[in-house]
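S.K.: only geometry, no sequence info:
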């Protein structure tokens, strides 16, 4: 709906994210509270706001606007009120009065077009003039940009991000090539840029459009794990997206590598197109694996058998034969892989390797792709485990929020002699590239993981490619230990992996199936499990912190989006007077479980234990909302129980509710209780390894809800989604050469 009226009061204005709370007097004389992002709000100015009426739990009815149009500037009184608000640096209340007294209703025009006339006002010198004109110019630029972009459906918050990226040149750069927005600004995709380009009159077969379309398709395919696309496949897909002739697309693609943005390479007799970053990552991973595998590591001086026996005694354990073999392999190779399912003793092997090398005088480190996995290693081993990002000392590059840089690299390698990486199946090609660059030539690298789990969320299939290449020594753990055999979770994980249906509903066991029909009945059962039924079955049950609902999909009645909305209402309902933050189709409340859905390397956080500062919140990090500040429009989230990060209007889109998450997003995590709906999903997703990954996330209890036939279909579907990755082939070439 639309609301027209005069801005009569600015109750609150945040200059950093342009969030405003104000009062608008409509044509009937009614005062209406309005909230939204506005550049340079002017008291007394006429505005046409587009948005909707909402009910705030504390402040009542408000008009929340998404876009706006501004009429002519207000009268002298309104201009003075605006300048006195502090929106322009260098102007306070008294100075505002003197400026308006001198120029009246022409004040804005004077400041914008003939600012030197401000020197006529008492108290304004050359320095003050420069400060005022610079501040006012910035606001005018941003205001003009907002007005320009709103015509193309881009919100104020996105306009602010664009202005932060391009500054005074924003409009000129967009008019020249709107497709650059896709590369430079998070939140703007190809389709939005394409719509802007069409309104600007850019030809549909322009080089700009075709280049951006090709990169868009390659980038989109990384979401499916591909590091490249075959040339003919890319051209065919681009023809569908761009709706232009494939010959023209081929001409542009042929020249694109000369701009350094893609690489075309022949793999196994076919031309393949890589985004340049992924091509370099893949080739560097190959080169560095070979380098480390053939390096001369620091020798283990003591008798290895004796050292293992000593370590067994100190840990009060007894290793099985294949576990000893894994430990010896770590001693004898520059790089090795240790892979196995749940209950096969991977954690014991990690502990043994760390203790043995530590006592042998080696400098050791242990890390994992996620903070949750690192925390689990610390708890089970006693060694401080870090995320791979922290191990490599990540930092934010000022040239762009998405640029990941690490202090530890080939020029400044890690000091450690032995580096153990757990949950290696989660590592994508870019992160593996960064890790291997930082490992010194005489160090040992031990990759531990379950190769039968889902591949990483990012591009590549690194662990499986390394194993399949047979160039790196690999130990497969197959024996399930007696204690683990008592758990149906462990037993069933291995049964699923072998294509056998799991056992369930056995008395005093930990794996259950509740047969229900229809999405509505499944959702109701999941609500009952979380709110009351599991509380009588699981000791110290906390449905928010100790239970995780996993779904294969995001959409639909049993997808994560709907399940999150349903579970939020029963686990953290709206309370009268309690603050909330509404964003698009989501509502956030204090106490909500949330997940970061993109890497943000410059997100600042404070450690609540020692009050130290840090940066970086990563895709998949789970936290809990501690506070919502409605005055400053900020949401405070605590990750890993100690890292406090504050989200504003420009970053809130990086959060999702996490009462329910996809199985892919759960990788690297362990939960006491896992609940999973069993409903029809597309066969391409209803796979054995997805089901296996979901089951292996649980430590104490698995509850499946729905149709057993769906479970059986998943167990029988051993289709592994193909990923275009060149790493295995590259490694095999090295092996054949040697």
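M.R.: Now that the structure is in, tell me what you want to look at. Bear in mind that the values here come from a model prediction, so they are computed numbers and not experimental data. Numbering: from 1, shown residues only.
S.K.: When you work out contacts or count neighbours from here on, use the C-alpha atoms and nothing else.
M.R.: OK.
S.K.: Select the longest helix from this structure.
M.R.: Assignment by DSSP state H gives helix 126-150 as the longest helix of the chain.
S.K.: Quick one: list the elements packing against that one.
M.R.: The helices and strands touching helix 126-150, judged by 3 or more CA pairs under 8 Å, 6 or more residues apart in numbering; DSSP states H and E, are helix 107-113, helix 156-166, helix 170-176.
S.K.: Just the helices from the stretch 301-450 of the chain, written as ranges.
M.R.: 304-315, 321-332, 346-359, 371-381, 388-391, 429-437 (DSSP state H, counting those that start in this stretch).
S.K.: Between helix 304-315 and the third one, find me the angle.
M.R.: Helix 346-359 runs at 110 degrees relative to helix 304-315, counting by axes from the mean of the first three to the mean of the last three CA atoms, to 10 degrees.
S.K.: on that earlier part again, as JSON lines, the helices of the stretch 301-450 of the chain with distance to residue 420 would be great.
M.R.: Listed next are these as JSON lines, based on distance: least, CA to CA, whole Å:
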{"stretch": "helix 304-315", "distance to residue 420": "17"}
{"stretch": "helix 321-332", "distance to residue 420": "9"}
{"stretch": "helix 346-359", "distance to residue 420": "7"}
{"stretch": "helix 371-381", "distance to residue 420": "11"}
{"stretch": "helix 388-391", "distance to residue 420": "10"}
{"stretch": "helix 429-437", "distance to residue 420": "11"}
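S.K.: Tell me which of these sits nearest to residue 168.
M.R.: Closest of the helices of the stretch 301-450 of the chain to residue 168 is helix 429-437, at 33.6 Å (criterion: CA to CA).
S.K.: And that closest one, how far out from the chain middle?
M.R.: 18 Å (CA atoms, centre = their mean, to the nearest Å).
S.K.: Show me what that helix packs onto, helices and strands only.
M.R.: helix 276-293.
S.K.: Go again with 10 Å.
M.R.: helix 276-293, helix 388-391, strand 404-406, helix 462-469 (3 or more CA pairs under 10 Å, 6 or more residues apart in numbering; DSSP states H and E).
S.K.: Give me the distance between residue 521 and residue 678.
M.R.: In this view, residue 521 and residue 678 are 12 Å apart by CA to CA, to the nearest Å.
S.K.: between these two, who's got more neighbours?
M.R.: Taking neighbours as other CA atoms under 10 Å, residue 521 and residue 678 compare with residue 678 leading, 27 against 14.
S.K.: hang on, the more buried one packs against residue 549?
M.R.: No: when contacts are counted by CA atoms under 10 Å, residue 678 is not listed as touching residue 549 (11.7 Å).
S.K.: which neighbours do the two share?
M.R.: With contacts taken as CA atoms under 10 Å, 6 or more residues apart in numbering, residue 678 and residue 549 have residue 704 as neighbours in common.
S.K.: what's the overlap in contacts for residue 521 and residue 678?
M.R.: 515, 705, 706.
S.K.: what's around the last one, how many residues?
M.R.: Read it as residue 706. Per other CA under 10 Å, the neighbour tally for residue 706 reads 23.
S.K.: Show the contacting residues for the closest residue to residue 650 other than its chain neighbours.
M.R.: Closest residue in space to residue 650, ignoring its immediate chain neighbours: residue 157 at 6.0 Å, by CA to CA, 6 or more residues apart in numbering. Residue 157 makes contact with 17-19, 36-39, 66, 146, 163, 649-651 under the criterion CA under 10 Å, 6+ apart.
S.K.: What helix or strand is the residue nearest to residue 3 when sequence neighbours are not counted located in?
M.R.: For residue 3, ignoring the flanking residues on the chain, the nearest one in space by CA to CA, 6+ apart is residue 49 at 5.1 Å. Counting by DSSP states H and E, the element that carries residue 49 is strand 46-56.
S.K.: So what touches that strand?
M.R.: Residues contacting strand 46-56 (CA under 10 Å, 6+ apart): 1-8, 24-26, 33-36, 41, 60-74, 576-582, 630.
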